[in-house]
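Participant: What follows is a predicted structure for the sequence shown.
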Amino acid sequence: MIKSVVHDEARLVQRSQPATPADGQTITDLIDTLRANQENCVGMAANMIGVNRRIIVVDMGILPVAMINPEITKMAGPYDTQEGCLSLSGERPTHRFKTIDVTFLNQNFQKQRQTFTGFVAQIIQHEVEHCNGILI
Ligand SMILES: [Zn+2]
């Protein structure tokens, strides 16, 4: 179900809790909400729809990919850039890494470990920060 997007920074700075298989509906809602906003949004975290669980969805070109309990384990190639956020207005400066290693559970709660680069890596870093209550 498409959910409304949270803009309240006091809520967005709260750290999210680990997700469990009981959070399946939130994963579906997050994918639906990202799709509904795909013209100006490439990724979302569950707290952006009011659910404080460590779930993110990332637009990887064809389909949105859900990553549950994502952890960035390695970062390389720092750079400075500007980003926007569906929950915030305007663009803001931020610090990112070109290449990251991420461990996460897929939608079937199977453990994954993957390396990401470039724009997809940037989206993941932004969304993982949402899970940690960090805003750009
Ligand atoms: Zn954001």
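Facilitator: In hand now; what should we look at?

Participant: looking at this protein, which residue lies furthest from center?
Facilitator: Each residue of the chain has a distance to the centre, and by Cα atoms, centre = their mean the biggest one is for Gly77: 20.3 Å.

Participant: The residue nearest to Ile2 when sequence neighbours are not counted and Gly61, how far apart?
Facilitator: Take Ile2 and drop its neighbours on the chain: the residue closest to it by Cβ to Cβ, 6 or more residues apart in numbering is Ala36, 4.5 Å away. Using the backbone N, CA and C atoms, a C-beta is placed for each residue, glycine as well. To Gly61, Ala36 is 18 Å away according to Cβ to Cβ, to the nearest Å.

Participant: I'd say Thr73 and Thr99 touch.
Facilitator: No - in this structure Thr73 lies outside contact range of Thr99 using Cβ atoms under 8 Å: 11.8 Å.

Participant: where along this structure do the helices fall?
Facilitator: With DSSP state H, the ranges of helices along the chain come out as 9-12, 24-36, 118-131.

Participant: List the strands paired with the longest strand along the chain, with their directions.
Facilitator: Ranked by residue count and defined by DSSP state E, the top strand of the chain is strand 64-84. The partner list of strand 64-84 in its sheet, established with DSSP bridges, is strand 55-59 (antiparallel), strand 91-105 (antiparallel).

Participant: So what's the model's average confidence on the last one?
Facilitator: Summarised as a single mean, pLDDT over strand 91-105 is 97.

Participant: any chance of the strands paired with strand 64-84 in TSV, with distance to His7 too?
Facilitator: Shown next, in TSV, are the strands paired with strand 64-84 (distance: least, Cβ to Cβ, whole Å):
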stretch	distance to His7
strand 55-59	18
strand 91-105	15
